[in-house]
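Engineer: any chance you could fold what I've pasted below:
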Amino acid sequence: MPESFFPSWRRVDDAPGAVIAPDERLSWPRSVAMGAQHVVAMFGATVLAPLLMGFDPNVAILMSGVGTLIFFLFVRGRVPSYLGSSFAFIGGVVAVTGYAGSGPNPNIGVALGGIIACGLAYTAIGLVVWAYSARAGGGAAWIEKLMPPVVTGAVVAVIGLNLAPIAARSAMGGTAFDALMAVATILCVGGIAVFASGMAQRLLILLGLLLACAIYFVLANLAGLGKPMDFSAVAGAAWLGLPAFAAPVFQAQAMGLIVPVAVILVAENLGHIKAVSAMTGRDLDRYLGQAFVGDGVATMVSGAVGGTGVTTYAENIGVMTATRIYSTLVFVIAALIAVVLGFSPKFGALIGAIPGPVLGGVSIVVFGLIAIAGARIWVANAVDFGDNRNLIVAGVTLVLGAGDFTLKFGDFTLGGIGTATFGAILLHLLLRGRRAA
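Structural biologist: Numbers count the residues shown, from 1 in each chain. All right, here's what the predicted structure looks like:
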């Protein structure tokens, strides 16, 4: 019997500790709550990346939702994923626009042209992988040869470790109070994860964030122990409004500088698919080509209206790891929420009012969960670390990624996640000839 285009999404009860598969769903109220949590998880990074490049954050939020829906269509609702602003574009965008780092980017058009060209190259790579997998009867044995569990686990762990310095800097802030509030946020999330039950436990990130914000407000705004939360921008922002759309400008030099970022996006998406496959116990490798194409098309659509390039988000892997809810319908709901919020300047201002130490504390938890998801892959697949080959592959990969080992080829830069991913693949291929003593 031929496979339907979309899964049937069988309704299941949310029993404590139950695993919700990609083709299952919770009740609609619970699904909406989970979707909102995924929006919270992605929001900090999705807003930060455009700010660093001088893009409009509300456009980025809007296009993250649109991009997620595009991805959902291409993978036919079978790969749980959220697409958010990619940090891989920052270096190239700053280089081609000369952005000084404050306010709107006056040369955003040439950056958008490069982002669209990168998305086109990424889509072409995806079409090749898609065609190859189809010729192989939908199988992806070649992926297993390139990325066995020792490689996959290391790459997934690296995603969390590479992001760790960003979370730590945000959490430390500039004062002892900031650092203590980050620790308090971690305890709020951890307390809900351990001591709560039912849906509250599933919403550990969202509820932990809200509780930490309440504590911060009491200590800073009422007791005067830290920098008060400022809601003036929220009061002055409109409920509804169009974000600042922008048109692309195609310049060969700018496109040549940004197009190679597609290599990094391939590495990120490959690691994402392998991580979700391991967590769900489903063979998602056969959707790898479709995932590449979906991400590439989403990046082109985003760049066409003034948004950043997008990528599958590790932050949302962390949420899935904690909740064990992988229903793809949750990500449709999250995407629709993001689309609505993209047209609400007031919501963008509200998120901007969340204290940095609180976001930093949440980030530490989420990025730590990503790193542990990599270790779980090793445990679940009984990776033998008595084999020196596995020790070398995993150890070198972790250090390359955590240390953000960067390679520069002319104007193109391959950051820590990219070097760690391709380094792990190459090391495994070079060392797999014989079992080490």
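Engineer: in the stretch 301-437 of the chain, where is pLDDT below threshold?
Structural biologist: 410-415, 433-437 (pLDDT under 70).
Engineer: contacting residues for residue 274?
Structural biologist: 143, 147, 152, 155-156, 285, 377 (CB atoms under 8 Å, 6 or more residues apart in numbering). All C-beta spots, glycine's among them, are computed from the backbone N, C-alpha and C.
Engineer: leaving out sequence neighbours, find the closest residue to the residue nearest the centre of the chain.
Structural biologist: Centroid-nearest residue in the chain: residue 313, 1.3 Å away (criterion: CA atoms, centre = their mean). Spatial nearest neighbour of residue 313, chain neighbours left out: residue 84 (4.4 Å); criterion: CB to CB, 6 or more residues apart in numbering.
Engineer: which SSE is residue 398 in?
Structural biologist: helix 388-402 (DSSP states H and E).
Engineer: likewise for residue 311?
Structural biologist: Residue 311 belongs to strand 310-312, assigned by DSSP H and E.
Engineer: could you point out which element follows that strand?
Structural biologist: That would be, after strand 310-312 and using DSSP H and E, helix 314-323.
Engineer: now that next one - C-alpha only, CSV.
Structural biologist: Output of helix 314-323 as CSV, limited to C-alpha atoms (Å, rounded to 0.1, in the frame of the first residue of the first chain):
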residue,chain,number,x,y,z
ALA,A,314,19.1,22.8,18.0
GLU,A,315,17.2,24.6,20.7
ASN,A,316,14.1,22.7,19.8
ILE,A,317,16.0,19.4,19.8
GLY,A,318,16.7,20.2,23.5
VAL,A,319,13.0,20.7,24.1
MET,A,320,12.1,17.4,22.4
THR,A,321,14.8,15.7,24.5
ALA,A,322,13.3,16.9,27.7
THR,A,323,9.6,16.4,26.9
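Engineer: quick check, residue 247 in contact with residue 109.
Structural biologist: Yes. Residue 247 lies in contact with residue 109 (CB atoms under 8 Å); the separation is 6.2 Å.
Engineer: between these two, which is the more surrounded one?
Structural biologist: Counted by other CB atoms under 10 Å, residue 247 and residue 109 do not tie: residue 109 has more neighbours, with 18 against 11.
Engineer: tell me which element the more buried one falls in.
Structural biologist: Counting by DSSP H and E, residue 109 is part of helix 108-135.
Engineer: let me see the mean pLDDT of that helix.
Structural biologist: In this model, helix 108-135 carries a mean pLDDT of 91.
Engineer: can you list the buried residues in it?
Structural biologist: 108-123, 125-126, 129-130, 133 (16 or more other CB atoms under 10 Å).
Engineer: quick one: list the elements packing against it.
Structural biologist: helix 90-97, helix 252-258, helix 261-280, helix 288-305 (3 or more CB pairs under 8 Å, 6 or more residues apart in numbering; DSSP states H and E).
Engineer: buried set for the helix or strand hosting residue 358?
Structural biologist: Residue 358 belongs to helix 356-380 when elements are defined using DSSP H and E. The neighbour-count check on helix 356-380 (16+ other CB under 10 Å) flags 356-371, 373-378 as buried.
Engineer: just how off-centre is it within its chain?
Structural biologist: Centre-to-centre, helix 356-380 and its host chain are 12 Å apart (CA atoms, centre = their mean, to the nearest Å).
Engineer: likewise for stretch 34-46?
Structural biologist: With CA atoms, centre = their mean, you get 10 Å for stretch 34-46.
Engineer: could you export it as CSV, CA atoms only?
Structural biologist: Only the C-alpha atoms of stretch 34-46 are listed here, as CSV (Å, rounded to 0.1, in the frame of the first residue of the first chain):
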residue,chain,number,x,y,z
MET,A,34,3.7,22.6,23.5
GLY,A,35,3.9,24.7,20.3
ALA,A,36,4.1,27.8,22.5
GLN,A,37,7.0,26.3,24.4
HIS,A,38,8.9,25.6,21.2
VAL,A,39,8.4,29.3,20.2
VAL,A,40,9.9,30.3,23.5
ALA,A,41,12.9,28.0,23.0
MET,A,42,13.7,29.3,19.5
PHE,A,43,12.9,33.0,20.2
GLY,A,44,16.1,34.2,21.8
ALA,A,45,18.4,32.9,19.0
THR,A,46,16.0,33.7,16.2
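Engineer: quick check: mean pLDDT across it?
Structural biologist: Stretch 34-46 comes out at a mean pLDDT of 82.
Engineer: excluding its backbone neighbours, what's nearest residue 427?
Structural biologist: residue 393 (4.9 Å).
Engineer: would you check that the one you found makes contact with residue 149?
Structural biologist: No. Residue 393 lies out of contact with residue 149 (CB under 8 Å); the separation is 10.7 Å.
Engineer: the two: who's more crowded?
Structural biologist: Counted by other CB under 10 Å, residue 393 and residue 149 do not tie: residue 393 has more neighbours, with 27 against 19.
Engineer: quick one: closest of the helices and strands packed on helix 108-135 to residue 197.
Structural biologist: helix 261-280 (22.1 Å; CB to CB).
Engineer: tilt between that closest one and helix 356-380?
Structural biologist: 70 degrees (axes from the mean of the first three to the mean of the last three CA atoms, to 10 degrees).
Engineer: which positions in helix 261-280 come out as buried?
Structural biologist: 261-280.
Engineer: centre of the chain to that helix, how far?
Structural biologist: Per CA atoms, centre = their mean, the centroid offset for helix 261-280 relative to its chain is 10 Å.
Engineer: equivalent analysis for stretch 50-61, please.
Structural biologist: 16 Å.
Engineer: show the average pLDDT along it.
Structural biologist: pLDDT averaged over stretch 50-61 gives 84.
Engineer: correct me, but residue 76 touches residue 6?
Structural biologist: Yes. Assessed by CB under 8 Å, residue 76 is found in contact with residue 6 at 5.9 Å.
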